[in-house]
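Chemist: need a 3D model of the sequence below.
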Amino acid sequence: MSTDAQTQIAPLLPPSLRLTSFTIALACAGVLAFAAYLSPDPRGFGTHEQLGLPPCVSQYFAGFPCPMCGMTTSFALMADARAGEAFHAQPAGAVLFIACVLFFAGSIVAVITGRVPERLRKILTAPRLIVPAALLLAIAWIYKLLFE
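Modeler: Modelled structure (predicted):
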């Protein structure tokens, strides 16, 4: 790769994409604020019930966790800086919390500077992002089934 290609600066985002970045930042901030507001359920799942949502049907009727069980609890624990407990509650939730923080930061940078950080641009344009995300959720569910 030539030096010119390495030092090339990304073009400024049009106003519509800056608005999109702002919207993403707001959404991430909302998720992170809710996570900080909620009290993690000591069972390791069920924190979402504080939002008026019903208990997990799988856990309630079948006695085993659904693939998303513990996700809200994991986010609430991460917001309390209790990463080990968050990982135990839902490994995918701990990873997604970190991703949410990074997306929030990247979106704020894009709003302020008008440019998407290069690493974030590469992640967002990766066509194979769905496969690792699905694998993460599947592995996390297996973990929950084995260690719940």
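Chemist: all contacts plus neighbour counts: C-alpha atoms, from now on.
Modeler: Will do.
Chemist: which residues of the chain fall in helices?
Modeler: Here the chain has its helices, by DSSP state H, at 3-6, 15-37, 57, 71-79, 83-89, 91-113, 118-124, 130-147.
Chemist: and these, which is most packed in?
Modeler: Highest mean neighbour count among the helices of the chain (mean count of other CA atoms under 10 Å): helix 71-79, with a mean of 28.
Chemist: and the angle from that one to helix 91-113?
Modeler: Relative orientation of helix 71-79 versus helix 91-113 (axes from the mean of the first three to the mean of the last three CA atoms, to 10 degrees): 60 degrees.
Chemist: what's in contact with helix 71-79?
Modeler: Here helix 71-79 makes contact (CA atoms under 8 Å, 6 or more residues apart in numbering) with 32, 34-41, 44-48, 83, 85-87, 89-94, 97.
Chemist: low pLDDT regions in this structure?
Modeler: 1-8, 10, 126-127 (pLDDT under 70).
Chemist: mind redoing it with 50?
Modeler: Applying pLDDT under 50 to the chain flags the ranges 1.
Chemist: in it, which residue is most central in space?
Modeler: Note on the chain: the residue nearest the mean C-alpha position is residue 96, at 2.8 Å, using CA atoms, centre = their mean.
Chemist: roughly how far apart are that residue and residue 78?
Modeler: 10 Å (CA to CA, to the nearest Å).
Chemist: residue 50 now?
Modeler: 17 Å.
Chemist: next: residue 48.
Modeler: 15 Å.
Chemist: and residue 66, by the same measure?
Modeler: 20 Å.
Chemist: again, but for residue 65
Modeler: For residue 65, the distance to residue 78 - CA to CA - is 20 Å.
Chemist: equivalent analysis for residue 130, please.
Modeler: As judged by CA to CA, residue 130 and residue 78 stand 23 Å apart.
Chemist: contacting residues around stretch 114-123?
Modeler: Taking CA under 8 Å, 6+ apart as the rule, stretch 114-123 contacts 10-14, 18, 103, 106-107, 109-110, 129.
Chemist: could you find the closest non-adjacent residue to residue 46?
Modeler: Spatially, and ignoring its direct neighbours in sequence, residue 46 is nearest to residue 55 (6.4 Å; CA to CA, 6 or more residues apart in numbering).
Chemist: give me the number of residues near that neighbour?
Modeler: 15 (other CA atoms under 10 Å).
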